[in-house]
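Q: Got a predicted structure here, sequence first:
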Amino acid sequence: MKSLLLCLWLLRADSLMSRPAPLAVISPQDPSLVIGASLSASCAVSVESGLRAEELYWTLNGQRLPGESYHLLGPRRLGLTLAPLNGSRQHSGDNLVCHSKRGGAILAGACLYVGLPPSKPTNISCWSKNLKDLTCQWAPGTEGETYLHTNYTLKYKLRWYGRDHACQDYHTAGPYSCRIPKDLALFTPYEIWVEASNRLGVAVSEVAMLDIVDVVTTDPPSDVQVSRVGDLEDQLSVRWSAPPALKDFLFQAKYQIQYRVEDSSEWKVVDNVGNQTSCRLAGLRPGTVYFVQVRCNPFGIYGSKKAGIWSSWSNPTAASTPRSGRVPGVCEPKSGEHNNTLRRELKQFFGWMRKHGTCNNLSIKMYDQWRVSLQKSHKTRNQVLSGDKS
């Protein structure tokens, strides 16, 4: 056994001794410097190389450096001074190389890292998708580009006990984000922070505190349907279902609707929908295609008093209003006459109500009946006017 170990040691020593000595050495090797600093480096060649300092030159990222930046430090040692230094062109480090003038052979190389230490990450925000995970994102800091590869580590722990954990699933919601996929505590606040580090230093964000049930978001409402309201030419009915993923949790929801005309990119938002799962859009243009989307904000989950986070919008659903029955060529009221027209129509509506019901029985259905009768009267009047002009 001893002879075997001795044999292995001799083989290892022989392999080390058989490695050729380097022809040159750059010092310092792989330096890291702040932008604006100066670099003093040297390239020392071995006796075996047969080279002298006068036979050497330097390149940076493949570009030959000017001779005035060189200085002799000895018969086989060439110095280099660079100042002031700009940020590295590549995060993996700039290539500083010592060459022989005999054919340009590479004798030794080093990586030069020039940049800034990281600044403190800011604006940490987190959300939980259906209470199943937690995703956080942040801003890299106010200093901007560091010119060096910078690592970001999201760390978290339960506020009053437990140890620090490091998030593992990065870039899930953008370049500065990380997702914690499981084992979430629902009724204990978390402390969350981000550490940024590179070759020149470390910076730590402020600690954000949050409770998972206060940052819940969910899937968009499902089964969104948009349909006409009978023959009413200026209205559409929108219906949807609550997000199915939250059906097992105690929560409330509020909804928003946005809609736009087919040939427009401008969305109009309806805020006052509340927790209803249906809504009537009024004041629309007759004979027009509209795209409609709905989103959800869950709140009151397990008794939380804070609102959740809006979901993304549902996929657009399209429907068209009925075409107007007005005869072409009949003038519409001018913009200054709209208020008078509204007052006149309200008087007509309440007069109609006295004939068909009481205010106690006022309902959307009765209003719709009146609007239909009003549209029919408009059509009849327009047809008579058109007949008179012919």
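A: Sure thing, it's come through.
Q: use CA for all of it now, contacts and neighbours both
A: Will do.
Q: Tell me both backbone torsions, phi and psi, for residue 55.
A: phi -100, psi 20 (degrees, to the nearest 10).
Q: I figured it was touching residue 104, is that so?
A: No - contact criterion C-alpha atoms under 8 Å: residue 55 and residue 104 do not qualify, at 10.0 Å.
Q: okay, and the helix or strand of this protein with the least pLDDT?
A: Ranked by mean pLDDT, DSSP states H and E, the weakest helix or strand in the chain is helix 2-18, scoring a mean of 39.
Q: The helix or strand just after it: partners in the sheet, and parallel or antiparallel?
A: For helix 2-18, the following helix or strand on the C-terminal side (DSSP states H and E) is strand 24-27. Strand partners for strand 24-27, identified by DSSP bridges, are recorded as strand 39-45 (antiparallel).
Q: Could you list the buried residues of the partner strand?
A: 39, 41, 42, 43, 44, 45 (16 or more other C-alpha atoms under 10 Å).
Q: In contact with the residue lying closest to the last one once chain neighbours are set aside, which residues are there?
A: Counting by C-alpha to C-alpha, 6 or more residues apart in numbering, residue 24 is the residue found nearest to residue 45 once chain neighbours are left out, at 4.1 Å. Residue 24 makes contact with 43, 44, 45, 46, 107, 108 under the criterion C-alpha atoms under 8 Å, 6 or more residues apart in numbering.
Q: Pull the most distant pair out of these.
A: Farthest pair in the contacts of residue 24 (C-alpha to C-alpha) is 46 and 108. Separation: 11.3 Å.
Q: Tell me which of those two has more neighbours.
A: residue 108 (19 against 15; other C-alpha atoms under 10 Å).
Q: can you pull the alpha-carbon coordinates of the strand or helix carrying the more buried one into CSV?
A: Element membership of residue 108 [criterion: DSSP H and E] is strand 106-115. Provided in CSV are the C-alpha atoms of strand 106-115 (Å, rounded to 0.1, in the frame of the first residue of the first chain):
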residue,chain,number,x,y,z
ILE,A,106,1.1,36.0,-27.3
LEU,A,107,3.2,35.6,-24.2
ALA,A,108,0.8,36.3,-21.3
GLY,A,109,-2.7,37.7,-20.8
ALA,A,110,-4.8,39.2,-18.0
CYS,A,111,-8.4,40.4,-17.7
LEU,A,112,-8.8,44.1,-16.8
TYR,A,113,-12.1,45.0,-15.0
VAL,A,114,-12.9,48.7,-14.9
GLY,A,115,-16.3,49.9,-13.6
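Q: quick one: average confidence on that strand?
A: Mean pLDDT, strand 106-115: 95.
Q: Beyond that strand, next helix or strand please.
A: From strand 106-115 onward toward the C-terminus, using DSSP H and E, the following helix or strand is strand 122-129.
Q: Spell out which residues make up each domain of this structure.
A: For the chain, automatic domain parsing gives the domain ranges 21-115, 122-214, 218-320, 349-389.
Q: can you pull out the strands in the stretch 151-300 of the chain?
A: Along the stretch 151-300 of the chain, counting by DSSP state E, counting those that start in this stretch, strands occupy 151-158, 165-166, 169-170, 177-180, 190-198, 201-204, 208-210, 216-217, 222-228, 236-241, 252-261, 268-270, 278-281, 289-299.
Q: What is the burial count for residue 101?
A: Residues lying near residue 101 (other C-alpha under 10 Å) number 14.
Q: same check, this time on the one 3 residues further on
A: The number of residues packed around residue 104, counting by other C-alpha under 10 Å, is 12.
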